[in-house]
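Asks: coords please:
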Amino acid sequence: MDDKLRERLRTAAEAHRPDRERMLARVERGMAEGPSARTPPGPLPLLRVAGATVAVCGVLAVGAYAVTSAGGGQTRGGQVAASPVPSASAPAVPGRVPELRTEDGPLWAAGAVDPHSNAYWAQSNVTLRTTQPLSSLTVELRIAQTGGVNTTGSWRSLPERDFTVSAQQKGGFLVYRWTLKPGRTVPVGTHMFAGQYNHAEGDRRADGDYFTANAARSTGQRVSVGDDFTSDH
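Replies: Numbering: from 1, shown residues only. As a prediction, the model looks like this:
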């Protein structure tokens, strides 16, 4: 009879997962109250002891589980399964380079990483050629944030006073923007816009870099071109 009771207690303790604080409170309250005057004779006192024992076993089981969890894993065959170590955060991956065309009407464009770039610094060149004067022009150069990409300046071959220039981190890119001021004109010819930047040490890939140029002819007709930096030009 004792063996069967012990087996039942052991089985119940292994299967039960009570709330630890609640079970401790129930055990302490039962010990403080003592035997009830209404408790009838017979096997019920034994069941009461058994219930208290199950509660204590459950509390011990919960305590062991809590200690194991605090150690960073579950015990399996006497070994502790270590929690997975989070991987180092990687730079945000920008979106896919859009479909671009390098020629539209009188406007042609190409993009290339300057050959004087090195393991810490780079310059991306945008070359535009127009066979007609342009009454408006916005050139936007996007350098993918591959790690440590920060602006160090920019320039253009056209007069500085003719353009407003900005550089900002946006959407996983360092974005340069040159906008022709109202009333100014881009003459016929070949012109260059360049963005300069630091980057994480190493041979930086320019797969995610690209630029766009949107312009209007003197007739008002709009044209747009663009290119990426993965091809030799």
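Asks: contacts and neighbour counts: CA atoms only from here.
Replies: Will do.
Asks: what about Ala112, how many neighbours?
Replies: Neighbourhood size, Ala112 [other C-alpha atoms under 10 Å]: 21.
Asks: let's see the host helix or strand of it as CSV, backbone CA atoms only.
Replies: Assigned by DSSP states H and E, Ala112 falls within strand 107-113. Provided in CSV are the C-alpha atoms of strand 107-113 (Å, rounded to 0.1, in the frame of the first residue of the first chain):
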residue,chain,number,x,y,z
LEU,A,107,19.6,63.0,-72.0
TRP,A,108,22.1,60.3,-71.4
ALA,A,109,23.6,59.1,-68.1
ALA,A,110,26.1,56.7,-66.5
GLY,A,111,27.3,55.9,-63.0
ALA,A,112,30.7,54.7,-61.8
VAL,A,113,32.7,54.4,-58.6
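Asks: now it: buried residues?
Replies: Leu107, Trp108, Ala109, Ala110, Gly111, Ala112, Val113 (16 or more other C-alpha atoms under 10 Å).
Asks: now the second one: closest residue in space that isn't a chain neighbour?
Replies: Take Trp108 and drop its neighbours on the chain: the residue closest to it by C-alpha to C-alpha, 6 or more residues apart in numbering is Arg129, 5.1 Å away.
Asks: ok, the one you found to Gln168 distance?
Replies: 26 Å (C-alpha to C-alpha, to the nearest Å).
Asks: so between the two, which is more surrounded?
Replies: Set Arg129 next to Gln168 and count neighbours by other C-alpha under 10 Å: Arg129 wins out with 17 against 13.
Asks: ok, the more buried one - contacts?
Replies: Pro106, Leu107, Trp108, Ala109, Val188, Gly189, Thr190, His191 (C-alpha atoms under 8 Å, 6 or more residues apart in numbering).
Asks: 7 Å - rerun?
Replies: If you count contacts by C-alpha atoms under 7 Å, 6 or more residues apart in numbering, Arg129 has them with Leu107, Trp108, Ala109, Gly189, Thr190, His191.
Asks: now for Leu174: which residues touch it?
Replies: Contacts of Leu174 were listed using C-alpha under 7 Å, 6+ apart, and they are Arg142, Ile143, Ala144, Gln145, Ala167, Gln168.
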